[in-house]
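Enquirer: okay, predicted coordinates and the sequence, questions at the end:
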Amino acid sequence: MAEITKPRDVQVVPIGTDTRIFRSRSWARLRFEIEYALAKGTTANSFLIEADKVALIDPPGETFTEIYLDALQKRTDLKKIDYVILGHVNPNRAATLKALLEVAPQITFVCSNPGAINLRGALENPDLPILVKRGGETLDLGKGHSLEFIPTPNPRYPDELCTYDPQTEILYTDKLFGSHICGDQVFDEGWQVFLEDRRYYFECVMAPHARQVDTSLEKLSDLKVRMYAPNHGPLVRYGLIELTTAYREWLQQQNNQENSVALIYASAYGNTATIAQAIAHGITKTGVSVEAINCEAAEPAEIQAAVEKASGFIIGSPTLGGHAPTPIQTALGIILSNAAKNKLAGVFGSFGWSGEAIDLLESKLKDAGYRFGFDPIRVKFKPDDVTLQTCEEAGTDFAQTLKRIKKVRVVSQQPANNLEQAVGRILGSLCVVTAKHGDVSSAMLASWVSQASFTPPGLTIAVAKDRAMEPLTYSGKEFVVNILAEGRQLRKHFMKNFAPGEDRFAGIETQESQNGSPILSGALAYLECTVKSRMEVGDHWLVYATVEDGKVLNPDSVTAVHHRKSGNHY
């Protein structure tokens, strides 16, 4: 698929009385973070309320600084802006805020107390004019715009603050209800088409903090809201009730899981937090919940309660001056004193020039007798796409091991019952599904493949939620279905358990398809496919894809078929 090269721009549209949105848009992926992995671009949404007082909400990051300020100056007098309201303080925004202050030094910043601490550090100015807002406090802009503030913190964003305008009934939700997708739609007409992207964003950003997000929704439930205005993606107007209901259902799924993992970390420059997020996503997709804890903001009692409750724990740290930061050392002491030795453990971290903190965590936990669910993850500087995929796979492996230990997901050793025997008689051709997007590639053995349509030619594939291949099967993604011939060579290779980040194609002869995915030269035939839609079906996703091209490579062979005795496992 050709890369989209459309230039970045800023779309400005009225969305309510005295209120406009400034949508800084990029059709390309901007950052190496797991929630951007669908690579559908993004919008950084900022909002301007011009009443008797003027308030600017959430200016974008440095990627958009120049075009954003240019668009803003064309539509308002920057010297008349009274307040800049920040839903959360990201160091990435510092360049935009500094440039804004140069032309509008009269601005007063409005944020939460944790946000004020972060903002003074990001702008390197202890004397910034900051108005700290707590829950229930208001800011009167005149003309009925008496803004109300609701703190909605979580471990990843402890300073998060939502803003509600009763005049327009718009709730500025910061990270809540967002999605990374770029297009011309300002609002979510036909909201169903955005649900997959919003679900993915939820799983990446919200699922590891399900308990805190649930609390946040309760805080917001009494407001009379006409529209959600998140930082990213289309504004939520047409599907507001449905998306709110979906969030509650997704949160309930997370909170009701029998197994959980305590994910404890600190992050100096955001890199360790990004790794933690990728690991968390790999865990939650398996049906195991995550209790993420930023130990820089957590009380010791919270860490202790989490490790005692969890079935396993993972701890991550940056290396600062050759050491682990004090909050990590404190958390490690709590773990060693309170976590049972039969709990599964994991270690990860990022570093610039050395990785002593990771070595410390690994050695202390090994000496204490803990079993590791994956090899320690060491990331130098900022993680890239391949590293994040490896981290996600490590999280999935950790959760699968945890479930085996807990004997929750054990294939029954009893003879299959009549129903299971009957279901097992459903046959499917044996295939290997392969995909490559950018530097990330993967493959999986599949037998639940079936033709689904004649015009256009299409097929369905059932993909287990915890398969490493699953992130490469979202709408718009491309892959190749390699139909295997009878024989065991290729089948045996792809049946083995691959380590996180391991090359699935090592030692296998391949060629590149038109969509960039590998074709197995030893396959009977191949089909180049594009995903059109997905449907959630229990513990699998049912993927519908159209076939764009294909070829029979070995016409004299017979298609391999997978015979099963029971329908309760592959």
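Expert: It's in. Numbering: from 1, shown residues only.

Enquirer: now do the strands in the stretch 251-400 of the chain.
Expert: For the stretch 251-400 of the chain, the strands defined by DSSP state E, counting those that start in this stretch cover 260-265, 289-294, 312-318, 344-351, 371-372, 377-380.

Enquirer: and of those strands, who's closest to F454?
Expert: With C-beta to C-beta as the measure, strand 289-294 is the member of the strands of the stretch 251-400 of the chain nearest F454 (42.4 Å). For glycine as for every other residue, the C-beta is placed from the backbone atoms N, C-alpha and C.

Enquirer: nearest to L553, out of the strands of the stretch 251-400 of the chain?
Expert: Among the strands of the stretch 251-400 of the chain, the nearest to L553 by C-beta to C-beta is strand 377-380 (38.2 Å).

Enquirer: now tell me what touches that closest one from outside.
Expert: 271, 275, 279, 316, 347-352, 355, 358, 387, 390-391, 394 (C-beta atoms under 8 Å, 6 or more residues apart in numbering).

Enquirer: okay if I get the strands of the stretch 251-400 of the chain as CSV plus mean neighbour count, mean pLDDT and distance to G333?
Expert: Conversion of these to CSV gives the following (neighbours: other C-beta atoms under 10 Å; pLDDT from 0 to 100; distance: least, C-beta to C-beta, whole Å):
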stretch, mean neighbour count, mean pLDDT, distance to G333
strand 260-265, 27, 96, 12
strand 289-294, 25, 95, 15
strand 312-318, 28, 97, 11
strand 344-351, 26, 96, 15
strand 371-372, 15, 96, 19
strand 377-380, 19, 95, 22
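
Enquirer: among those, which is nearest F202?
Expert: Ranking the strands of the stretch 251-400 of the chain by proximity to F202 (C-beta to C-beta) places strand 289-294 first, at 13.1 Å.

Enquirer: quick revisit: any chance of the strands of the stretch 251-400 of the chain in JSON lines with distance to V84 as columns?
Expert: Below are the strands of the stretch 251-400 of the chain laid out as JSON lines (distance: least, C-beta to C-beta, whole Å):
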{"stretch": "strand 260-265", "distance to V84": "30"}
{"stretch": "strand 289-294", "distance to V84": "25"}
{"stretch": "strand 312-318", "distance to V84": "29"}
{"stretch": "strand 344-351", "distance to V84": "31"}
{"stretch": "strand 371-372", "distance to V84": "46"}
{"stretch": "strand 377-380", "distance to V84": "34"}
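
Enquirer: all strands of the stretch 401-550 of the chain, in order?
Expert: Under DSSP E, counting those that start in this stretch, the stretch 401-550 of the chain gives strands at 428-429, 431-437, 440-446, 449-453, 458-464, 478-483, 510-512, 518-520, 525-537, 540-552.

Enquirer: over to the stretch 51-200 of the chain?
Expert: For the stretch 51-200 of the chain, the strands defined by DSSP E, counting those that start in this stretch cover 54-57, 83-85, 108-111, 130-132, 138-140, 146-151, 161-165, 170-174.

Enquirer: so which elements touch the first one?
Expert: When contacts are defined as 3 or more C-beta pairs under 8 Å, 6 or more residues apart in numbering; DSSP states H and E, strand 54-57 packs onto strand 42-50, strand 83-85.

Enquirer: buried residues of the longest helix along the chain, list them for me.
Expert: When the chain is parsed with DSSP state H, its longest helix is helix 385-405. Neighbour counts over helix 385-405 (16 or more other C-beta atoms under 10 Å) mark 385, 387-403, 405 as buried.

Enquirer: next: stretch 114-124.
Expert: Applying 16+ other C-beta under 10 Å to stretch 114-124 flags P114, G115, A116, I117, N118, L119, R120, A122, L123 as buried.

Enquirer: that'll do, ta.
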